[in-house]
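Peer 1: I need the structure of the sequence given here:
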Amino acid sequence: MIRGKAGGLEILFTGRPFADAYPELLERLALAPDFYRGTRATVSFGAAPSDDDLHRLADTLLEAGIEWDGAYTLEAPSLAAVPSRS
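Peer 2: This next block holds a predicted model:
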């Protein structure tokens, strides 16, 4: 789910596994690609996803023109840094 907030977007992957929610994010982005371009987003996870999933999401947001501004999980609510490819 994507929702607008005062500081940008919040992308929610809570309540179900990342693998189930990710295709829906792709669909939403494809339906209105220019609408989201140039925005900032915080991402919320119910549980920490794998490193591969984080990198896949980072690539998707980059391609969509969305600046990933941080992430948090319900397990550990502190804001985490965006993954980088080394």
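Peer 1: in stretch 58-74, what counts as buried?
Peer 2: Residues 58, 61, 64, 66, 68, 69, 71, 73 are the ones in stretch 58-74 that count as buried (16 or more other CB atoms under 10 Å). Placement of C-beta: from N, CA and C, glycine included.
Peer 1: could you pull out the helices for the protein?
Peer 2: 18-31, 33-36, 51-63 (DSSP state H).
Peer 1: mean pLDDT and distance to residue 45 for the ones you listed - can I get that in CSV?
Peer 2: Formatted as CSV, the helices of the chain follow (pLDDT from 0 to 100; distance: least, CB to CB, whole Å):
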stretch, mean pLDDT, distance to residue 45
helix 18-31, 92, 7
helix 33-36, 88, 19
helix 51-63, 92, 9
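Peer 1: what pLDDT does residue 73 get?
Peer 2: Residue 73 carries a pLDDT value of 79.
Peer 1: correction: residue 46
Peer 2: 84.
Peer 1: that one contacts residue 13, doesn't it?
Peer 2: Yes. Between residue 46 and residue 13 there is a contact under CB atoms under 8 Å: 6.5 Å.
Peer 1: re earlier: which pair in the buried residues of stretch 58-74 spans the largest distance?
Peer 2: Spatially, the most separated pair among the buried residues of stretch 58-74 is 64 and 73, at 21.9 Å (CB to CB).
Peer 1: how about the residue most central in space within the chain, nearest residue that isn't a chain neighbour?
Peer 2: The centroid of the chain falls nearest to residue 43 when counting by CA atoms, centre = their mean (4.3 Å). Using CB to CB, 6 or more residues apart in numbering and skipping the chain neighbours, the partner closest in space to residue 43 is residue 71 (4.3 Å).
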